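[1] What follows is a protein structure lacking sequence information:
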């Protein structure tokens, strides 16, 4: 039972490669409770440092709340646009970067550093690993949603201070992600920013090193791997 | 083609639920170049803020390097054990928390904040989102490895300063994860720390809130969902 059939493998890789960051094409079709629970349970089964499971999920439908979050986006969006000049600035301002109101459900995922603490196995040298666990949960959620036909968008042009106030987060709780989710008419084949030519996808070959950072020598162990990598990517 | 068959969905959920943090049971069976590339390519197709793809993967086989990393683990492990008292301390010291030497491949995943920067779309308000992207890549890698029958362990009891020196990381590069990977004799059914009773798995019901943090009122919108959640978890 441990082994994966080819179809099971394909399913995982399909989710990974077809997952998109969705800000448009949302439909007003309700997500059934069963499906939503399955997606959240996938997130809850992420790895966590010292099995601390330091996440919370705040499900949001209330329009008043979403309007407040949208106002925070608008402010941060305007502010950030001043960091660049035209023509980049105009392109940036023309991009659709959130679907807060259009998506039927919003979701804030938070980190609780006090969960099962203060001594958490594996978090004693690198304290950031607690937050890293929450990010792994977010990726699980994103993939499960994709498999269910549900688009997820990560809205990161926001003020965390605003989020804390809007969602009444206690001081020790850290907001990590604000997501929008809902069924969509379709998923784009490529990420939006690749599609419009904002940035190119890097070749896999460009982001892999061997034995040490940027080490071109001493790679006898990896010679065949490197040749194959260059052929494939 | 966008829709997932039941088997494809099952494959994704199987990877999510059967993935383990692996420190034991490693076998000295080489991972084929094709499989390793597939796993790394899954990581490379993670979401990234502003499509910045800010990750690098350093593949490590060299035993001298691994011995140095193991020495860093030993030092941090000893140091961290002094943070707790017996009987917790003895249990902690008896746990197998890394497979640095036993696993045939080690892998350091790093974050490059300068990639396609300084202006990265979506990173202007919350700068940590760059690191969050790297964590999503790690989770993709972990799931793909599981589907391929390969165990992955995240070693976080390490000094990042040691890692920087050992792997010759430039000052601007941040190590995010040090992983061990290899085929294993078997995967445990439950996480080690749950299995030995160190910590319980939380109920999904315990980590979900509605509309606002810890809000028990105003949940008419979520009444059916809450009932189902309580029945299932």
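    Cool, got the structure. These numbers come from a predicted model, not from an experiment.
[2] ok, which stretches of chain A are helices?
    Taking DSSP state H to define them, one finds helices in chain A at A:6-18, A:33-44, A:63-81, A:88-94, A:129-147, A:160-166, A:192-195, A:223-232.
[3] which strand is the longest one in chain A?
    For chain A, the longest strand by residue count, based on DSSP state E, is strand A:174-183.
[4] so who does residue A:43 touch?
    Neighbour list for residue A:43: A:55, A:57, A:109, A:137-138, A:140-141, A:144 [criterion: CB atoms under 8 Å, 6 or more residues apart in numbering or on different chains]. (Each C-beta comes from the backbone N, C-alpha and C, glycine too.)
[5] at 6 Å instead, please
    A:137, A:140-141 (CB atoms under 6 Å, 6 or more residues apart in numbering or on different chains).
[6] For those residues, give me JSON lines that also has neighbour count.
    Formatted as JSON lines, the contacts of residue A:43 follow (neighbours: other CB atoms under 10 Å in any protein chain shown):
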{"residue": "A:137", "neighbour count": "28"}
{"residue": "A:140", "neighbour count": "30"}
{"residue": "A:141", "neighbour count": "27"}
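[7] Closest to chain B out of these?
    The shortest gap between chain B and any of the contacts of residue A:43 belongs to residue A:140, at 5.4 Å (CB to the nearest CB).
[8] can I assume that closest one is in contact with residue A:44?
    No. The criterion here is CB atoms under 6 Å, and residue A:140 misses it with residue A:44 at 8.3 Å.
[9] Return the most buried member of the helices of chain A.
    helix A:129-147 (a mean of 26; mean count of other CB atoms under 10 Å in any protein chain shown).
[10] now that helix: how far from the chain's centre is it?
    7 Å (CA atoms, centre = their mean, to the nearest Å).
[11] rewinding a little: reformat the helices of chain A as a markdown table; add distance to residue B:61 and mean pLDDT.
    Shown next, in a markdown table, are those (distance: least, CB to CB, whole Å; pLDDT from 0 to 100):
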| stretch | distance to residue B:61 | mean pLDDT |
| --- | --- | --- |
| helix A:6-18 | 25 | 98 |
| helix A:33-44 | 33 | 98 |
| helix A:63-81 | 43 | 98 |
| helix A:88-94 | 42 | 96 |
| helix A:129-147 | 25 | 98 |
| helix A:160-166 | 41 | 98 |
| helix A:192-195 | 33 | 96 |
| helix A:223-232 | 10 | 90 |
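[12] would you turn these into TSV with distance to residue B:179?
    Output for those, formatted as TSV (distance: least, CB to CB, whole Å):
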stretch	distance to residue B:179
helix A:6-18	17
helix A:33-44	21
helix A:63-81	34
helix A:88-94	35
helix A:129-147	12
helix A:160-166	29
helix A:192-195	27
helix A:223-232	17
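[13] Looking at those, which is nearest to residue B:90?
    Minimum separation from residue B:90 across the helices of chain A (CB to CB) falls at helix A:129-147, 23.5 Å.
[14] which strands and helices sit next to that closest one?
    Applying 3 or more CB pairs under 6 Å, 6 or more residues apart in numbering or on different chains; DSSP states H and E, we find helix A:129-147 packed against helix A:6-18, helix A:33-44, strand A:105-111, helix B:6-18, helix B:129-147.
[15] Surely residue A:111 is in contact with residue A:174?
    Yes. Counting by CB under 6 Å, residue A:174 is a contact partner of residue A:111 at 4.4 Å.
[16] picking that back up, closest one to residue B:40 among the helices and strands packed on helix A:129-147?
    Residue B:40 lies closest, by CB to CB, to one member of those: helix B:129-147, at 7.0 Å.
[17] List the contacts of that closest one.
    Here helix B:129-147 makes contact (CB under 6 Å, 6+ apart) with A:4, A:9, A:12, A:16, A:132, A:135-136, A:139, A:156, B:15, B:19, B:39, B:42-43, B:46-49, B:54-55, B:109, B:111, B:113, B:123, B:152, B:176-177.
[18] Tell me how many other residues surround residue A:171.
    6 (other CB atoms under 10 Å in any protein chain shown).
[19] and if you look at residue A:82?
    Neighbours of residue A:82 using other CB under 10 Å come to 9.
[20] how close does it get to residue B:116?
    With distances taken as CB to CB, to the nearest Å, residue A:82 is found 19 Å from residue B:116.
[21] tell me the mean pLDDT over the longest strand of chain A?
    In this model, strand A:174-183 carries a mean pLDDT of 98.
[22] what's across from residue A:181 in the sheet?
    residue A:105, residue A:152 (DSSP bridges).
[23] Report whether the expected contact of it with residue A:106 is present.
    No. Using CB under 6 Å, residue A:181 makes no contact with residue A:106, being 7.6 Å away.
[24] Counting by contacts, list what the longest strand of chain A packs against.
    Packing partners of strand A:174-183 (3+ CB pairs under 6 Å, 6+ apart): strand A:105-111, strand A:150-154.
[25] Now do the longest one: distance to the chain's middle.
    The one in question is strand A:105-111. 11 Å.
[26] What lies in contact with that strand?
    Contact partners of strand A:105-111, identified using CB under 6 Å, 6+ apart, comprise A:54, A:56-60, A:66, A:131, A:134, A:138, A:167, A:173-181.
[27] For residue A:204, which non-adjacent residue is spatially closest?
    Closest residue in space to residue A:204, ignoring its immediate chain neighbours: residue A:233 at 4.4 Å, by CB to CB, 6 or more residues apart in numbering or on different chains.
[28] Could you give the number of residues near the one you found?
    Residue A:233 has 16 neighbours, counted by other CB under 10 Å.
[29] is it true that it touches residue A:203?
    Yes. In this structure residue A:233 lies within contact range of residue A:203 using CB under 6 Å: 4.7 Å.
[30] Give me the mean pLDDT for stretch A:204-214.
    In this model, stretch A:204-214 has a mean pLDDT of 94.
[31] what's it in contact with?
    By CB under 6 Å, 6+ apart, the list of residues contacting stretch A:204-214 from outside reads A:219, A:222, A:229-230, A:233, B:41, B:44, B:56-60, B:62, B:167-169.
[32] Let me know the closest of those residues to residue B:99.
    Closest approach to residue B:99 among those (CB to CB): residue B:60, at 13.1 Å.
[33] Need the nearest residue in space to the closest one, chain neighbours excluded.
    residue B:106 (4.1 Å).
[34] Could you give the number of residues near that neighbour?
    Neighbours of residue B:106 using other CB under 10 Å come to 26.
[35] Give me the pLDDT for it.
    98.
[36] and if you look at residue A:218?
    For residue A:218, pLDDT reads 58.
[37] contacting residues around residue A:47?
    A:136, B:21.
[38] Tell me how far residue A:196 lies from chain B.
    Distance, residue A:196 to chain B, using CB to the nearest CB, to the nearest Å: 10 Å.
[39] Could you give the number of residues near the residue lying closest to residue A:108 once chain neighbours are set aside?
    Spatial nearest neighbour of residue A:108, chain neighbours left out: residue A:58 (4.4 Å); criterion: CB to CB, 6+ apart. By other CB under 10 Å, the residues close to residue A:58 number 25.
[40] On the pLDDT front, check residue A:58 for me.
    On pLDDT, residue A:58 comes in at 98.
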